[in-house]
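*Asks:* how does the following fold in three dimensions:
(2 chains)
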Number of protein chains: 2
Amino acid sequence: MATQTGGGTNLRIDSDRLWSTIVETAAIGGTPKGGICRLALSDEDRRVRDWFAAAVRDAGLELAVDAMGSMFAIRPGRDPARAPIAMGSHLDTQPTGGKFDGVLGVLAGLEVMRTLNAAGIETEAPLMLINWTNEEGARFAPGMVASGVYSGEVDMDFAMARTDRDGIAFGDALDAIGYRGSEPVGRRRFAAMVELHIEQGPILEADGLDIGIVTAGKGSVWADGRVTGRECHAGSTPMSLRHDALCAFAAFALAAEAVAREHGPDGVATIGVAEAFPASRNTVPGEVRFTLEYRHPDLGHLDAMDAAIAAAARRIEGERGVAIDIEKIWRKDPVAFDAGVSAAIGRAAAELGLGSRPMTSGAGHDAFFAATVAPTAMIFVPCKDGISHNEAESSTQAECAAGADVLLRTVLALAG
Amino acid sequence: MATQTGGGTNLRIDSDRLWSTIVETAAIGGTPKGGICRLALSDEDRRVRDWFAAAVRDAGLELAVDAMGSMFAIRPGRDPARAPIAMGSHLDTQPTGGKFDGVLGVLAGLEVMRTLNAAGIETEAPLMLINWTNEEGARFAPGMVASGVYSGEVDMDFAMARTDRDGIAFGDALDAIGYRGSEPVGRRRFAAMVELHIEQGPILEADGLDIGIVTAGKGSVWADGRVTGRECHAGSTPMSLRHDALCAFAAFALAAEAVAREHGPDGVATIGVAEAFPASRNTVPGEVRFTLEYRHPDLGHLDAMDAAIAAAARRIEGERGVAIDIEKIWRKDPVAFDAGVSAAIGRAAAELGLGSRPMTSGAGHDAFFAATVAPTAMIFVPCKDGISHNEAESSTQAECAAGADVLLRTVLALAG
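*Replies:* The predicted structure follows:
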């Protein structure tokens, strides 16, 4: 891994130029509340891809599109034998998404290319900017499917056959917008990848820091749960004779919360969905159905959380005479990002005088799949109140520019 | 209050005859699962009323019907100047009701009348058997409306204007089945009232006892609640920065449960309805909506529970940075039953060699309103697994007969 600082230690991206691209592309699928609705492979996606293709050509970059529709913009290096250093993220959004999630990583990469062009800097290794198809998975589930196929961890036939709510297949939608590329997926290998993204959480804001150096992606377990107790009359059944599914569920929810705290600060556990049945005001609930998910960036901790949550369920079953069933429906192991790339990010932030901290990513990103094929890490910048997947999502021009400067400096260090 | 044992200490009701009336009337509105659907003022209600009217006339009793449709069957006493001793309950059921709830109290009263007739016993005071209209409130809410009007605590115009789901008014339904009686409501005063009922709870079964001597009816508070926290990303928000409405709700549910246990064994608290929002698997809930009800037979305890639950909500708000709003929508103070009538029930059970215990009624009954106009108490008999308001509701022939024997002996003691 190259570690030297690239040429031009005083080089900075053009903050206004970067911001203007954020504002300009936000109009493509822009919503009245200031967000973006730009679902993968929609006409809005086509329009932003056309904008991006024109911008990279204007910047003198080569553009390739692979069979999953992912777009690769290449800036040659002095040594054509070296594999490129990649940047990138995604231009698709949630149905009520914000202006920064994914978009920042792509447009900051474009700004890096433009800055190097303006400064006349040639890197040793080529640079590559990627717009991954369908990161969000909002229209075609699951998300991160193009980076998944790229890395070989997701089957391409599976991805092509995903359908949206109207029954339209991913492959047909890709053809409809004219972005099924001719290149085989995975052909454009890279030597390293750096993804700049908004944090989508509140840590940097709470700590008053500019940059998160993402060293790992949390592994996660998703489960469907059910507490089964016994329905009875709320007036005439003494507390001592109840098998109250709701109270047992409450004890379980607090136990899961306690497990996450014990594995803090990186461990999290969330019950997002919960409903009691039969949902009568004067009947003690006989059943509660809920979802549970828990995450940790360390495999040992994730397994320990798994065991502790199961043990809590068994304990509460015994104490309260109920059954607690937890059916795991999905598990993804943690992703460890590359120490060399993380270190380069940390040095770049320090050289720029920016406050930074190592952190983990709780949300999933294309960088998780990229990390399986090449050294990879992520740069986080703060977003207001940690709000994301929401039209109110907000980062300042200065925050975005700081992230793009770190990205510039990091890829220069990696590309030489 | 008369306390002497009535004539015929060896007198017993006819268990088979009582059981045959339960089986016979259960066919009126009988359901495939062995329960009864006999909503107030329905055609099934008319048919069981016609059956009851014929039975009381066959027993040589006078029948009066008041303007609320409540039916009063009178057996004269030696002293016509004395007010009658009343028995009774209700013949209407829940939509998926059982064969015993209400029915047992009316048919056991009929069996008492038949037993006295067969034995040629004349009491000092007259006896009166009441079938109260619309105890359940399942078709026309609220329930106990006829005893409510009788006691003067519910306005008759209000009761008459209640409508069912089809918009049919109570008064029109009463006319349609021909049971709007000519007597003013409240004219048929009584000196005391005894209501025999299934427990609708698990206590007698758990204690292996035959008879509950009901000394009080629980007061209750009904409320709608809402916990407001803050939605955030389940992957990227550390536990320490969350304002998780679901976990705060869980803490509140356990606090309410603890308050009820502290005021046990008579205190109960129940959260019957609970749902988290926005109900997304990977979003920390920003809101939980729920219902809360709590009951106690002692006013001081009920008020103390009220204060303790409110204090718990304030504590959790402070600890977790959430808002917990509890809007009380209904409150009914506890009903103290008459010590003399309760004592008569206890003596009757003892003379019959039946195991008994004092207890409170968690469910509401017509006896609650009766208690506001005359000395009143209730007799409970066990029901299997405490199940009621359910087609699986079940008491044995022996359990019903034991209750009817206690009823017989109690009214003889009270009537002289």
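
*Asks:* drop to CA atoms for contacts and neighbour counts, all remaining ones
*Replies:* Fine.

*Asks:* report pLDDT for A:Gly34.
*Replies:* pLDDT recorded at A:Gly34 is 93.

*Asks:* distance of it relative to A:Gly109?
*Replies:* 23 Å (CA to CA, to the nearest Å).

*Asks:* so between the two, which is more surrounded?
*Replies:* Neighbour tally, A:Gly34 and A:Gly109, criterion other CA atoms under 10 Å in any protein chain shown: the higher count belongs to A:Gly109, 30 against 17.

*Asks:* correct me, but A:Thr228 touches A:Gly321?
*Replies:* No. A:Thr228 is not in contact with A:Gly321 according to CA atoms under 8 Å; the separation is 9.2 Å.

*Asks:* with neighbour numbers in mind, choose between the two.
*Replies:* The neighbour comparison of A:Thr228 against A:Gly321 (other CA under 10 Å) goes to A:Thr228, with 24 against 18.

*Asks:* show me the beta-bridge partners of the more buried one.
*Replies:* For A:Thr228, the beta-bridge partners are A:Glu287, A:Ala323 (DSSP bridges).

*Asks:* cool, and A:Pro358?
*Replies:* A:Ile213.

*Asks:* mind listing what it touches?
*Replies:* A:Pro358 makes contacts with A:212-215, as judged by CA atoms under 8 Å, 6 or more residues apart in numbering or on different chains.

*Asks:* which single residue of the stretch 251-400 of chain A ends up nearest chain B?
*Replies:* A:Gly362 (3.9 Å; CA to the nearest CA).

*Asks:* show me what contacts that residue?
*Replies:* Applying CA under 8 Å, 6+ apart, the residues contacting A:Gly362 are A:217-218, A:295-296, B:234-237.

*Asks:* mind redoing it with 10 Å?
*Replies:* Contact analysis of A:Gly362 by CA atoms under 10 Å, 6 or more residues apart in numbering or on different chains lists A:199-201, A:216-220, A:266-268, A:295-297, A:334, B:233-238.

*Asks:* also A:Arg17?
*Replies:* A:Arg17 neighbours (CA under 10 Å, 6+ apart): A:23, A:108, A:111, A:114-115, A:401.

*Asks:* for the helix-or-strand element of chain A with minimal mean pLDDT, name the packing helices and strands.
*Replies:* Lowest on mean pLDDT, DSSP states H and E among the helices and strands of chain A sits strand A:232-233, with a mean of 88. Based on contacts counted as 3 or more CA pairs under 10 Å, 6 or more residues apart in numbering or on different chains; DSSP states H and E, the elements that strand A:232-233 packs against are strand A:283-284.

*Asks:* ok, back up a step: spit out the residues that contact A:Thr228 and A:Gly321 alike.
*Replies:* Contacts common to A:Thr228 and A:Gly321, judged by CA under 10 Å, 6+ apart, are A:243-245, A:248.

*Asks:* touching the least confident helix or strand of chain A from outside, list them.
*Replies:* Contacts of strand A:232-233 (CA under 10 Å, 6+ apart): A:238, A:241-244, A:281-286, B:200-202, B:270, B:362-363, B:385-389.

*Asks:* the residues you listed in helices, which ones?
*Replies:* Using DSSP state H, the subset of these located in helices is empty.

*Asks:* got a quick PyMOL command for the buried subset of those residues?
*Replies:* Restricted to buried positions by 16 or more other CA atoms under 10 Å in any protein chain shown, the PyMOL selection for those reads:
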select buried, (chain A and resi 238+242+243+244+281+282+283+284+285+286) or (chain B and resi 200+201+202+270+362+363+385+386+387+388+389)
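
*Asks:* restricted to strands, list the contacts of strand A:232-233.
*Replies:* Among the contacts of strand A:232-233, the ones falling in strands (DSSP state E) are A:283-284, B:270.

*Asks:* what is the lowest-pLDDT residue among these?
*Replies:* Where pLDDT dips furthest among these: A:Thr283, at 88.

*Asks:* thinking that residue is in contact with B:Gly201, fair?
*Replies:* No. Using CA atoms under 10 Å, A:Thr283 is not in contact with B:Gly201, being 11.7 Å away.

*Asks:* name the residues contacting each of these two.
*Replies:* With CA under 10 Å, 6+ apart, A:Thr283 and B:Gly201 have common neighbours A:232-235, A:237.

*Asks:* buried residues, the longest helix along chain A. List them.
*Replies:* Longest helix of chain A, by residue count under DSSP H: helix A:299-320. By 16+ other CA under 10 Å, the buried positions in helix A:299-320 come out as A:299, A:301-303, A:305-306, A:308-310, A:312-314, A:316-317, A:320.

*Asks:* please state the offset of stretch A:332-340 from the chain centre?
*Replies:* 14 Å (CA atoms, centre = their mean, to the nearest Å).

*Asks:* for it, buried residues please.
*Replies:* Result for stretch A:332-340 [16+ other CA under 10 Å]: buried residues A:333-340.

*Asks:* let's see which of the residues you listed end up in strands.
*Replies:* Among the buried residues of stretch A:332-340, the members falling in strands are A:335-336 (criterion: DSSP E).

*Asks:* just put the buried residues of stretch A:332-340 in CSV and tack on pLDDT and distance to chain B.
*Replies:* Below are the buried residues of stretch A:332-340 laid out as CSV (pLDDT from 0 to 100; distance: CA to the nearest CA, whole Å):
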residue, pLDDT, distance to chain B
A:Asp333, 91, 14
A:Pro334, 95, 12
A:Val335, 95, 14
A:Ala336, 94, 16
A:Phe337, 97, 17
A:Asp338, 98, 20
A:Ala339, 97, 21
A:Gly340, 97, 24
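
*Asks:* right, and the pair among the buried residues of stretch A:332-340 with maximum separation?
*Replies:* Greatest spatial distance in these: A:Asp333 and A:Gly340, 21.3 Å, computed using CA to CA.

*Asks:* wait, is A:Ile130 part of a helix?
*Replies:* No. Note on A:Ile130: no helix contains this position according to DSSP: H, G, I helix; E, B strand; the rest coil, which reports strand.

*Asks:* verify the stated contact: it with A:Gly109.
*Replies:* Yes. In this structure, A:Ile130 is within contact of A:Gly109 by CA under 10 Å, at 8.4 Å.

*Asks:* list the residues that contact both of those two?
*Replies:* Listed as contacting both A:Ile130 and A:Gly109 by CA under 10 Å, 6+ apart are A:73, A:86-89, A:195.

*Asks:* A:Ile177: which of the shared contacts of A:Thr228 and A:Gly321 is nearest?
*Replies:* Nearest to A:Ile177 among those is A:Ala245, at 50.4 Å by CA to CA.

*Asks:* skipping its backbone neighbours, what lies nearest that closest one in space?
*Replies:* In this structure, A:Ala245 finds its nearest non-sequential neighbour in A:Gly229, 4.5 Å apart by CA to CA, 6 or more residues apart in numbering or on different chains.

*Asks:* quick one: pLDDT of the one you found?
*Replies:* A:Gly229 is given a pLDDT of 96.

*Asks:* in stretch A:194-212, what counts as buried?
*Replies:* Residues of stretch A:194-212 classed as buried by neighbour count (16+ other CA under 10 Å): A:194-205, A:209-212.

*Asks:* ok now that stretch, how far from the chain's centre?
*Replies:* 13 Å.

*Asks:* check stretch A:264-277 too.
*Replies:* With CA atoms, centre = their mean, you get 19 Å for stretch A:264-277.

*Asks:* how far does that stretch stretch from start to finish?
*Replies:* Using CA to CA, first and last residues of stretch A:264-277 are 33 Å apart.

*Asks:* wait, does that stretch make contact with chain B?
*Replies:* Yes. Legend: contact between stretch A:264-277 and chain B by CA under 10 Å from any CA of the partner chain is shown at A:264-277.
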